[in-house]
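Visitor: Generate a structure from the sequence data that follows.
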Amino acid sequence: MKLDEGKCKTYLIHPDTVEKVQQEIPKEELLIDLADFFKIFGDTTRIRILSALFVTEMCVCDLSEVLNVSQSAMSHQLKTLRQAGLVKFRKEGKSAVYSLKDNHVKQIIDTGIVHITE
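Guide: Here you go, the predicted structure:
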């Protein structure tokens with residue numbers, strides 16, 4: 001295969017379009033952060049946890065029971081969700097009770113569900 005095979009013969013066909021996109025596309029650092037953010041949603045257990053928390057706040061023990069996941073695995077996944085800023089917790093006696101950090105999380109999941117069910 002030649003080095004230039006498959007490449008455009010002309011380097012800039014629509015300069016106005018190229019300039020507009022270059023001005024409006026988010027910065028590379030933001031796109032990297034966004035890609036990392038969406039990786040969090042790439043795990044079924046984390047999606048299941050978030051779905052449970054859409055209903056009500058829950059402690060690790062109850063989440064483990066509902067989702068049939070060990071408490072150790074649940075704690076690990078909740079830590080990931082906490083670090084991503086998707087869930088928060090509060091202490092209730094010796095237990096930690098988890099909830100969604102804000103409603104944006106539900107909006108993201110709901111939008112995804114609408115998209116895949118169309």
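Visitor: Could you tell me which residues make contact with the residue sitting nearest the centre point of the chain?
Guide: Nearest to the geometric centre of the chain sits Phe38, at 3.4 Å (Cα atoms, centre = their mean). Residues near Phe38 by Cβ atoms under 8 Å, 6 or more residues apart in numbering: none. Every residue, glycine included, has its C-beta placed from N, CA and C.
Visitor: Skipping adjacent residues, who's closest to Phe54 in space?
Guide: Using Cβ to Cβ, 6 or more residues apart in numbering and skipping the chain neighbours, the partner closest in space to Phe54 is Lys106 (5.4 Å).
Visitor: Number of residues surrounding that neighbour?
Guide: 14 (other Cβ atoms under 10 Å).
Visitor: from memory it sits against Ser99, does it?
Guide: No: contact criterion Cβ atoms under 8 Å: Lys106 and Ser99 do not qualify, at 11.3 Å.
Visitor: Quick check, Ala84 in contact with Ile40.
Guide: Yes: Ala84 is within contact range of Ile40, at 4.7 Å (criterion: Cβ under 8 Å).
Visitor: Mind jotting down where the strands sit in the chain?
Guide: 58-59, 87-92, 95-100 (DSSP state E).
Visitor: okay, those strands, which one's buried deepest?
Guide: The highest mean neighbour count among the strands of the chain, using mean count of other Cβ atoms under 10 Å, belongs to strand 58-59: a mean of 20.
Visitor: about what we covered before: to Gln71, which of the strands of the chain lies closest?
Guide: The closest of those to Gln71 is strand 58-59. By Cβ to Cβ, the value is 9.9 Å.
Visitor: and Asn68, how far is that from Leu78?
Guide: Taking Cβ to Cβ, to the nearest Å as the measure, Asn68 falls 16 Å from Leu78.
Visitor: For the two, indicate the residue with more neighbours.
Guide: Neighbour tally, Asn68 and Leu78, criterion other Cβ under 10 Å: the higher count belongs to Leu78, 20 against 7.
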